[in-house]
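Peer 1: how would this look folded up:
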Amino acid sequence: PKGGASIGEALKQNNTLTALTLQYNQIGRTGGKAIGAALKENKSLRELNLGHNFIGPEGTKHIAEALKINSTLLVLNLAWNKIRSEDASRIADALKV
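Peer 2: Purely as a prediction, here's the structure:
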């Protein structure tokens, strides 16, 4: 459970990484929350693969909030994260900003 939080903290400080694949890493909702917070600050990441990580509604909420602010992320994979239709709508609404 602490791995996602650690990655989130690292992403806040990193300004060179442009692509990151974290597929199948059991990041969970806490990690999704931390990564969402990091995406609000990170200005270099262009591609992020979070497929198959059980991020769920809570983690998706934080990622959606970050997408309203982050203008550099171009590719985001959230496949197989137990995301409901209302969570997908939250992501879609964030991308309209």
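
Peer 1: This structure: helices as residue ranges?
Peer 2: With DSSP state H as the definition, the chain shows helices at residue ranges 2-13, 28-39, 56-67, 85-95.

Peer 1: Could you say which one of the ones you listed comes nearest to residue 50?
Peer 2: Nearest to residue 50 among the helices of the chain is helix 28-39; the distance by CB to CB comes to 7.2 Å. C-beta: built from backbone N, CA, C; applies to glycine.

Peer 1: will you turn the helices of the chain into TSV that also has distance to residue 19 and mean pLDDT?
Peer 2: Supplementary listing: the helices of the chain in TSV, determined by distance: least, CB to CB, whole Å; pLDDT from 0 to 100:
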stretch	distance to residue 19	mean pLDDT
helix 2-13	12	93
helix 28-39	14	96
helix 56-67	17	96
helix 85-95	19	94
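
Peer 1: Return the most buried member of those.
Peer 2: Among the helices of the chain, judged by mean count of other CB atoms under 10 Å, the one packed with the most neighbours on average is helix 28-39 (a mean of 23).

Peer 1: Need the nearest residue in space to residue 16, chain neighbours excluded.
Peer 2: With CB to CB, 6 or more residues apart in numbering as the measure, residue 44 is the residue that lies nearest to residue 16, at 5.9 Å, once sequence neighbours are left out.

Peer 1: quick one, what contacts the one you found?
Peer 2: 14-18, 72 (CB atoms under 8 Å, 6 or more residues apart in numbering).

Peer 1: just residue 34 next, same as before
Peer 2: Applying CB under 8 Å, 6+ apart, we find residue 34 in contact with 4-5, 7-9.

Peer 1: Turn the contacts of residue 44 into CSV, columns for neighbour count, distance to residue 66 and pLDDT.
Peer 2: Output for the contacts of residue 44, formatted as CSV (neighbours: other CB atoms under 10 Å; distance: CB to CB, whole Å; pLDDT from 0 to 100):
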residue, neighbour count, distance to residue 66, pLDDT
14, 17, 15, 96
15, 11, 16, 94
16, 6, 19, 97
17, 14, 16, 97
18, 11, 17, 98
72, 11, 11, 97
